[in-house]
Every structure is written in structure tokens, then in C-alpha cells.
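S.K.: Provided below are the primary sequence and the corresponding predicted coordinates.
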Amino acid sequence: MRRTKIVITLGPATDTPRVIEGLIKVGVDVFRLNFSHGSAEDHKNRVKLIREQAEKLNAVVGILGDLQGPKIRTQRFKNNAVKLKKGNTFVFDMALGENEGDENRVGVTYKQLSEDVSPGDTLVLDDGRLVMRVDDIEGHEVRTTVEVGGELSNNKGINLKGGGLSAPAIAEKDRKDIALAAELGLDFLAVSFPRSADDIHLARSLVREAGGRAHIVAKIERAEALGDIDAILDATDVIMVARGDLGVEIGDAELPAVQKDLINRARTANKIVITATQMMESMIQNPIPTRAEVFDVANAVLDGADAVMLSGETAVGKFPVKAVQAMSEICEVAEQHPAARKSYHRLDTQFEEVDESIAMATMYTANHLRVTAIAALTESGRTTRWMSRISSIIPIYALTSHDTTCRKTTLYRGVYPIKFHPKHENVTEINRDVMRLLNMRGKAGKGDLVIITKGDVMGVDGGTSSLKIARMEDWVE
């Protein structure tokens, strides 16, 4: 069973029941709605389609909404694109009309750009394809010299190398999309371009005010976020290593070490981590990945990422189902490496919570005893999240009566949600029901040992207080 989870982005290539069904069948765990594209009606239709197909297949999948955030872009050109040569002078004009760009200047969506940059700064456009040095600022104009030229077309992203743009992480459009996410009951909400933990706290409060219960995902894509990463980790539920804009701001050469550090920090903080951006980019056009992409996905798995993500590969690619199949196979093989099976997590830490202690004891026992499965009865999924921080090959089944908890555990590495309604209050009978369920589903059989964790009182969040080792034949005839 693949332990690393797969997140895929929805788009025109996935907008049919057949494709969504195929994606679920090959193992998609979480579907991503990109709020940068499409209308509210588009997103509603996609959520409806996913839930219909998941119900048809009796599958549990999560849905993540990804806020657009302050994506700073050029406006449009009169002829849609211009060619810029090295050494050319080019102006970003805050007062220029939306469709008035030419080979000399272009408008910008972010009108404070002229206030945020200084002479000598470097502006990077279109995910690093063009580079411009700021020469001077005069009123509403930012005058630059082209250092790396090429074609510049409409609506391309602008980054300030090294970070420092003051645009707020949550714009007015994002507030509307947060309300939509709450209305649709999304499981995860990604905050784009947060600079500090305050942005995460604001997003969470807006989600709660709108009536939503989504877990918050902090996308690490600004240089400033790296300087406040511990506070961001404390504030968020999940981080996403969003390597596109982050690479533009800090330089691509810095990314590998930063990725490894972020994954390690997230796991140490008991938070979930997704690795994203261009993981299998060539599969937008090709039916197989490059070997470099295979290495990239495998290294994310070996580093300990909970999930890996596909973007254009599934949203607009020619082979969305094949891309997921290829990624799944890479993950499964990488997980067989000894590095993915050993853990030294929290060996020297004093635990603060009883349920955390039970989770850690469970994983230590499971990894040193011939245990076939772990069955964790959980209300919120918190105990299984702690368990998932420990590297192991033993499946962790999150048994819960709550649909929201089932869907949120879809991002936890090595955790598999199962809907479970206890029929009894008696502890012995609950254990028997758990063992019967695992046996009936083929998760454990005669001679197998299963660890069961639960609280003294069912229905109490954070109450996991017991660990039981059960042998299948003692409970199932």
C-alpha cells in the first residue's frame, strides 16, 4: 500500500466523470481546486463531480481549495506579447491602461510596486524566464534594464528576488473564495504567499467566521516566510513547499536544501507537508516522466513528505491518469528503501499529551513487533497525525464516524480512513467490532497482530488513552 499521498489539480483535462473516476481508481487522495482560474460555478460543479464519483466508488478523497493570493502580474499588451532583448530599457508603468503594453512598457496589477522596489533590485518574470534590473523609480514608473530577455506575453507573474513586496496575502477576491470554500465544505484551504504567521491566523479566523472547518495549508513561496517559518508551522496545519515562486525569490539552486529543511521542520513540529510544483512537468505532453522527474518524486518521499502534488500535469495535461499512475509507482518503490522505514522522531522529547504518548508508544511497538495493522479510533484524527510522523511500513487505519475526519486524514502519510460507527459501549465488544471490520476488509487475518488505540469514552476529542495488542483469532471465529 502506498503511504505517500497524491494531490492533483483539477482543470479542463479532468472535467468529465470518466476522468475523475479513473483518477480515484488509480489512487488520488486529494483534489485541488485552483481559485486562480475558473468561476464559482466551475468550482461547485467540480466538487459535485468529485463527491458523486467518490460515493459511487465507496472511496474517501479530500478536496483542497487554493487561494489566488497577491499574484503580482503584468497587464496586457496591445499585440499580446513582445520580444525583449538583453540591454533593452523596459518600464513598468503603474498608470498605464490595462491593455496598453508595448515593447517599451507595460502596466502592472500591483500598483504599489513602485513603492516596494529600489535601484539595484532584481525583478524576475514568468517563473524566471526573464530577468530585469531596476535602474530607477520616477513617480509611477519603475525603469529597468533587461538582463535576461525573451518573449513576454500577457498576465505574467512578477517576483522581487530576495522578497520584500508588501502585498497582503489575502486579497478581496480571496475573502470571497474563503466564503465559497466554506459553502462547499472543503477539507483544506491553501493560503498563497503568506509572509508571516499573522497571515495564517487571519485566514483561519476568516474560515471560521464563514462557517468552514478546513485545515489551513501555508504555501511557502515567499522569501520572507522562511524567516518566520517556526511561527508559521505553529500557526498552520499543513505546509506546502511551493517551489515555483519560492525558487524565483531565493534562486533555484537554493531550493533542494530548503525543501529538505522544510520537510524536516514540518515533521519535527508534527505538521503535514506537501511537496509541489513541476514534479512531473514533462507529462503535460508526454506519457512517461523523465528520469530527473522520477528522482525528484522519489527524493521527496525519502525526505519524508506526506504528499506530492501534480499541477498542470493533470489540470491541462494530455495524460492525467497516467501521470498519477507513474507518480504512485515511484512513491511505492521509494517507500521500500530502508531510509523510508526508519525513524528517530522525538526519541529525546518529553511528551505533553497522553494521546501523543499513546501514538508514539504505538509506533514504537508496531515497528518492533510483527504487527500487521494499527486501528486508531479517532474523533479529530489527531492521534493518527502523530502516528504518521513515525516512519513505518505498517498501515494506520483511522476509524472514525465523522466524514470530515475521514477526509482530512487523506493527507496523512501512511494513514487510511475507514468510516466506523461503534455499535456498543462495552470496550470488549468495540474491540471485537474493530477486528471483524479489519478481517472483513482483508486488512488482517488469522495469526496477525493488530494494535487498537482508543479513549475511555467514545466521542471525546483528544481522549485516546489506551493501547491494546490483539491477535485476530482471539476475536474473530
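M.R.: All right, it came through fine. Numbers count the residues shown, from 1 in each chain.

S.K.: Just give the number of residues close to the nearest residue to Thr89 once chain neighbours are set aside.
M.R.: Nearest residue to Thr89, sequence neighbours excluded (C-beta to C-beta, 6 or more residues apart in numbering): Thr145, at 6.1 Å. Any C-beta I mention is one placed from the backbone N, CA and C, and that applies to glycine too. When neighbours are defined as other C-beta atoms under 10 Å, Thr145 has 14 of them.

S.K.: just Arg143 next, same as before
M.R.: Arg143 has 18 nearby residues by other C-beta under 10 Å.

S.K.: Would you verify that it is located in a strand?
M.R.: Yes - applying DSSP: H, G, I helix; E, B strand; the rest coil, one finds Arg143 inside a strand.

S.K.: give the contact list for Glu183.
M.R.: Contact analysis of Glu183 by C-beta atoms under 8 Å, 6 or more residues apart in numbering lists Ala210.

S.K.: mean confidence score for the strand or helix carrying it?
M.R.: Assigned by DSSP states H and E, Glu183 falls within helix 172-184. For helix 172-184, the mean pLDDT works out to 97.

S.K.: What is whichever helix or strand Tyr397 is part of packed up against?
M.R.: Assigned by DSSP H and E, Tyr397 belongs to strand 396-400. Judged by 3 or more C-beta pairs under 8 Å, 6 or more residues apart in numbering; DSSP states H and E, strand 396-400 is in contact with strand 371-377, helix 382-388, helix 403-408, strand 415-419, helix 427-440.

S.K.: how about the strands in the stretch 51-200 of the chain?
M.R.: Using DSSP state E, counting those that start in this stretch, the strands assigned to the stretch 51-200 of the chain run over residues 62-66, 81-84, 89-93, 105-106, 122-125, 130-138, 141-148, 150-153, 158-160, 188-191.

S.K.: So what angle separates the directions of the longest one and strand 141-148?
M.R.: So the one you mean is strand 130-138. Angle, strand 130-138 to strand 141-148, by axes from the mean of the first three to the mean of the last three C-alpha atoms, to 10 degrees: 150 degrees.

S.K.: Which positions in strand 130-138 come out as buried?
M.R.: 130-132, 134-135, 137 (16 or more other C-beta atoms under 10 Å).

S.K.: List the pairing partners of that strand within its sheet, with orientation.
M.R.: Its sheet considered, strand 130-138 pairs with strand 122-125 (antiparallel), strand 141-148 (antiparallel) by DSSP bridges.

S.K.: on that earlier part again, can you give me the angle the helix holding Glu183 makes with strand 62-66?
M.R.: 160 degrees.

S.K.: give me the low-pLDDT residue ranges for this protein?
M.R.: 342-348, 457-462 (pLDDT under 70).

S.K.: the longest helix in it is where?
M.R.: Selection of the longest helix in the chain by residue count, based on DSSP state H, yields helix 40-57.

S.K.: ok so, going back, so which of the strands paired with strand 130-138 is the most surrounded?
M.R.: Burial of these is given as mean neighbour count (mean count of other C-beta atoms under 10 Å); strand 122-125 ranks first at a mean of 21.

S.K.: who's in contact with it?
M.R.: 74, 92, 117, 130-134, 142, 144, 147, 152, 156-162, 248-249.

S.K.: returning to what we had before: state the pair within the buried residues of strand 130-138 that is farthest apart.
M.R.: Leu130 and Ile137 (19.3 Å; C-beta to C-beta).

S.K.: Kindly indicate whether the nearest residue to Asp306 once chain neighbours are set aside is helix, strand or coil.
M.R.: The spatially closest residue to Asp306, leaving aside those adjacent along the chain, is Arg413, at 4.2 Å (C-beta to C-beta, 6+ apart). Classification of Arg413 by three-state DSSP places it in coil.

S.K.: Arg413 - how many residues pack around it?
M.R.: 26.

S.K.: Got phi/psi on it?
M.R.: Arg413 adopts backbone torsions of phi -60, psi 130, taken as degrees, to the nearest 10.

S.K.: pretty sure the residue nearest to Thr89 contacts Met132?
M.R.: Yes - Thr145 is within contact range of Met132, at 6.7 Å (criterion: C-beta atoms under 8 Å).

S.K.: Find residues that contact each of those two.
M.R.: In contact with both Thr145 and Met132: Phe90, using C-beta under 8 Å, 6+ apart.

S.K.: Look at Asn270 and tell me its secondary structure.
M.R.: Per three-state DSSP, Asn270 ends up coil.

S.K.: For the residue nearest to it when sequence neighbours are not counted, give its distance to Glu335.
M.R.: Spatially, and ignoring its direct neighbours in sequence, Asn270 is nearest to Arg389 (5.6 Å; C-beta to C-beta, 6+ apart). Distance, Arg389 to Glu335, using C-beta to C-beta, to the nearest Å: 15 Å.

S.K.: Comparing those two, which residue is more hemmed in?
M.R.: Neighbour tally, Arg389 and Glu335, criterion other C-beta under 10 Å: the higher count belongs to Arg389, 25 against 21.

S.K.: what residues are up against the residue nearest to Pro12 when sequence neighbours are not counted?
M.R.: The shortest distance from Pro12 to any non-neighbouring residue, by C-beta to C-beta, 6+ apart, is to Val316 (6.0 Å). Contacts for Val316 were tallied using C-beta under 8 Å, 6+ apart; they are 11-13, 284.

S.K.: got the CA coordinates for the helix holding Glu183 in PDB?
M.R.: Extracted C-alpha coordinates of helix 172-184, given in PDB (Å, rounded to 0.1, in the frame of the first residue of the first chain):
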ATOM      1  CA  GLU A 172     -10.600  40.800  -1.500                       C
ATOM      2  CA  LYS A 173     -11.000  38.000  -4.100                       C
ATOM      3  CA  ASP A 174      -9.600  35.600  -1.500                       C
ATOM      4  CA  ARG A 175     -12.200  36.600   1.100                       C
ATOM      5  CA  LYS A 176     -14.900  35.700  -1.400                       C
ATOM      6  CA  ASP A 177     -13.200  32.400  -2.200                       C
ATOM      7  CA  ILE A 178     -12.900  31.600   1.500                       C
ATOM      8  CA  ALA A 179     -16.700  32.000   1.800                       C
ATOM      9  CA  LEU A 180     -17.100  29.800  -1.200                       C
ATOM     10  CA  ALA A 181     -14.800  27.200   0.300                       C
ATOM     11  CA  ALA A 182     -16.900  27.200   3.500                       C
ATOM     12  CA  GLU A 183     -20.100  26.800   1.500                       C
ATOM     13  CA  LEU A 184     -18.700  23.800  -0.400                       C
END
